[in-house]
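S.K.: Prediction below, plus the sequence it came from.
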Amino acid sequence: MPQNPYLNVLVTAAFTVFFIIACSYGLGYLAKAIARARGASPKFQESTFAGYFFAAPWIVGFLIFVVVPLGFSLYWSFTDYRIASGEPTKWLGAENYQTILFEDESFRASILNTLYLTVIGLPLQIGVALLLAVLLNQKMRGERIFRMAFYLPVILGFNTAVLLCWRLMLNTGTGIINQLIRMISTAFPPFNYINRGVIYIQEVTAAFFLGLNTGKYNLMMKVIEAGFPAENRVPLWVQSPLWTKMSVILLMVWGCGAMMLIFLAGLNNIPKELHEAAQVDGATPWQRFWKISFPLLTPYIFYNLVVGMISSLQIFEPIFVLYRDNQPIVSSTISMVYYLWQKSFSHFEIGYGSAISWVVLVIILIVTVLQFRLQDRWVTYDIY
């Protein structure tokens, strides 16, 4: 007899509600009992019950969906657990970590690709966000409309529909971005030389990083020997391994609206008296920005740097949507998290993928701790 899907949904929902209520009462009474055992007053016991009763759904959810999976992931990282093989889990000890750190060339390539996206993409993202914040901090007509327009990419996010639109726009022949580059190059010839120079520098840099992945620099030598790009050249955003990482960086810069808002908040917190005094003394706008605004924005730069670093080290969605179906060039842009997904959910090597996830976690922790240790050398908190 076939099951009724609507009845299954209702039963599941009812069980979920019952489970949440039972956990709330259970955790509340447990906390109250502990408070009573410690000799707390009846009023304090009731307050303890109420607090843990309302916090229980989050606490239980955190334990079930975060702590327990973390425990399983840590255990699986020391095993050869292949979900589709049907074989029993085999304990390997530290063998997975040894393979990742010393033998897996694909993981080393993913680290270098992620390093490229972080070292080049993150400063561009922060720089564009700061520039937009400075421009939008000026009093002008339509200021709120411009702020909304630049923040809109953050609301849209890196969902599949938006990234597929970007994939169409980045098409070499018919994409609107290259169409605009061709149109501007025809109307303004100096832009054509700038465009060709940027293409040459980008392709040499990308070929060098690809050489670091393979240990061979033949592609870089070919790019150098080919010389300055032809007059009609445009970026090959999603068609060439020399441009795959730069297209991801372009998307990172496009989504800098959150950083822009942080900088806007920082600019609004700077006392106007400082700028007025500097203006009376004859300081130019650039001098006022560099000597007053920029030092006082360093706490905001530090925050965006930490958050942006964590985000860039975990980048996944643009690479997955843009290049998953283009296997010849996906290796040129594969990130650490994409490689984690590939091993865990494409090859079903859960044990090896779990080990990669813990290695990525350690890398992020090390980078974050270093940032906090070095902040005293350049972050200014004096005025706050």
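M.R.: Looks like it arrived, so ask away.
S.K.: How is this protein partitioned into domains?
M.R.: 5-76, 102-172+238-377, 177-235 (automatic domain parsing).
S.K.: quick one: the longest one to chain centroid distance?
M.R.: Read it as domain 102-172+238-377. 6 Å (Cα atoms, centre = their mean, to the nearest Å).
S.K.: Same question for the shortest one.
M.R.: The gap between the average C-alpha position of domain 177-235 and the chain average comes to 26 Å, counting by Cα atoms, centre = their mean.
S.K.: And it, end to end?
M.R.: 9 Å (Cα to Cα, to the nearest Å).
S.K.: do the first one as well
M.R.: Counting by Cα to Cα, you get 34 Å between the two ends of domain 5-76.
S.K.: do stretch 334-353 as well
M.R.: For stretch 334-353, the end-to-end distance is 15 Å (Cα to Cα).
S.K.: Can you tell me what sits against it?
M.R.: Applying Cβ atoms under 8 Å, 6 or more residues apart in numbering, the contact partners of stretch 334-353 are 76-85, 89, 92, 96, 99-100, 106-107, 109-111, 113-114, 117, 313-316, 319-320, 354, 356-357, 360, 363. Where you see a C-beta, it was placed from the backbone N, CA and C, and this is true even at glycine.
S.K.: Distance check, E273 against L297.
M.R.: As judged by Cβ to Cβ, to the nearest Å, E273 and L297 stand 17 Å apart.
S.K.: which of those two has more neighbours?
M.R.: Each of E273 and L297 has its neighbours counted (other Cβ atoms under 10 Å); L297 has more, 23 against 8.
S.K.: what's the closest non-adjacent residue to the more buried one?
M.R.: G266 (4.8 Å; Cβ to Cβ, 6 or more residues apart in numbering).
S.K.: ok, then the element right after the helix or strand hosting that neighbour?
M.R.: Element membership of G266 [criterion: DSSP states H and E] is helix 257-269. Next in sequence after helix 257-269, counting helices and strands by DSSP H and E, comes helix 272-280.
S.K.: For that next one, buried residues please.
M.R.: H275, A278 (16 or more other Cβ atoms under 10 Å).
S.K.: Report all helices and strands that that helix contacts.
M.R.: The elements that helix 272-280 packs onto, with contact taken as 3 or more Cβ pairs under 8 Å, 6 or more residues apart in numbering; DSSP states H and E, are helix 285-288.
S.K.: can you list contacts of the helix it packs on?
M.R.: Where contact means Cβ under 8 Å, 6+ apart, the residues beyond helix 285-288 that reach it are H275, A278, Q279.
S.K.: what's in contact with the helix or strand harbouring G51?
M.R.: Per DSSP H and E, G51 falls inside helix 42-62. For helix 42-62, the external contacting residues (Cβ under 8 Å, 6+ apart) are 20, 23-32, 34-36, 40.
S.K.: let's go with 6 Å and repeat that
M.R.: Contacts of helix 42-62 from elsewhere in the structure, counted by Cβ atoms under 6 Å, 6 or more residues apart in numbering, are I20, C23, S24, L27, G28, A31, K32, A35, R36.
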